[in-house]
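> Turn this into a model:
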Amino acid sequence: YQRRVHGVCCSKLLITVLNTILADLKKEKYEMLKVGLYACSITKRLIVFVELMTESIEWGKLPLFEPTEAIKDEYDYYTKVKPFKNRVLKYDFYIYPYINGVLQQTSAFNLSEGDQIDIRYHVEKFGTTSFADYMSFLHEAYKLETIQLELAYSGAVSYTHLRAHETGRNLVCRLL
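Presented below is the predicted three-dimensional model:
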């Protein structure tokens with residue numbers, strides 16, 4: 001029961017987050033979005049990076065990049081091989097879970113059948129993020145074996161793509 005409820009809550013939250021972002025991007029021109037999610041259970045925060053891609057790519061069709069001595073990470077790649085041209089937006093979603101009308105202070109809580117669950121959120125739109133912040137996030141998203149405590153985005157990271165015609169529901173189905 002608890003796992004099913006958690007899955008439903010996560011699905012609804014992700015749909016809400018993605019639809020909020022898509023509504024914010026209505027006037028933007030893009031072919032595809034690259035969406036990165038970083039969840040921090042301590043602060044109950046979901047940090048979302050949205051890369052507005054000017055061209056559509058077929059995921060999995062591009063050859064994998066092998067690091068070399070000169071090109072070791074995402075920063076090297078996007079400064080030496082393929083100059084980074086896309087705009088990246090950053091959003092913070094603060095998540096407030098209520099069970100039976102009581103705000104949960106920790107991320108670990110148990111549910112019982114019949115519990116009333118309400119998830120509220122507050123969003124902060126940061127607009128265009130810095131290249132350095134995005135590269136830090138990408139580093140953590142793609143190289144989890146190198147997590148260090150001083151890195152800003154160590155922890156639960158997820159990444160996927162959303163084509164211009166898709167909705168938040170399309171993306172949630174791929175993430176879950």
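> Now do the buried residues in stretch 45-56.
45, 46, 47, 48, 49, 50, 51, 52, 53 (16 or more other Cβ atoms under 10 Å). Bear in mind the C-beta positions are built from the backbone N, C-alpha and C, glycine included.
> The fourth one falls within a strand, correct?
Yes: read with DSSP: H, G, I helix; E, B strand; the rest coil, residue 48 is one of the residues of a strand.
> How much space separates it from residue 139?
17 Å (Cβ to Cβ, to the nearest Å).
> quick one: buried residues of stretch 27-37?
The neighbour-count check on stretch 27-37 (16+ other Cβ under 10 Å) flags 30, 32, 33, 34, 35, 36, 37 as buried.
> ok, of those, which one's closest to residue 99?
residue 37 (23.3 Å; Cβ to Cβ).
> Who are the contact partners of residue 75?
Going by Cβ atoms under 8 Å, 6 or more residues apart in numbering, residue 75 touches 135, 139.
> what's the neighbour count on residue 15?
Residues lying near residue 15 (other Cβ atoms under 10 Å) number 16.
> Sorry, wrong one. I was asking about residue 129.
Residue 129 has 19 nearby residues by other Cβ under 10 Å.
> Any regions of this structure where pLDDT drops low?
The model of the chain has pLDDT under 70 over residues 1-8, 59-60, 62-65, 142-176.
> name the element the residue nearest the centre of it belongs to?
Central residue of the chain (Cα atoms, centre = their mean): residue 37, 1.6 Å from the mean position. Assigned by DSSP states H and E, residue 37 belongs to strand 32-40.
> Ends of stretch 31-47, what's the gap?
Distance across stretch 31-47, first residue to last, is 22 Å (Cα to Cα, to the nearest Å).
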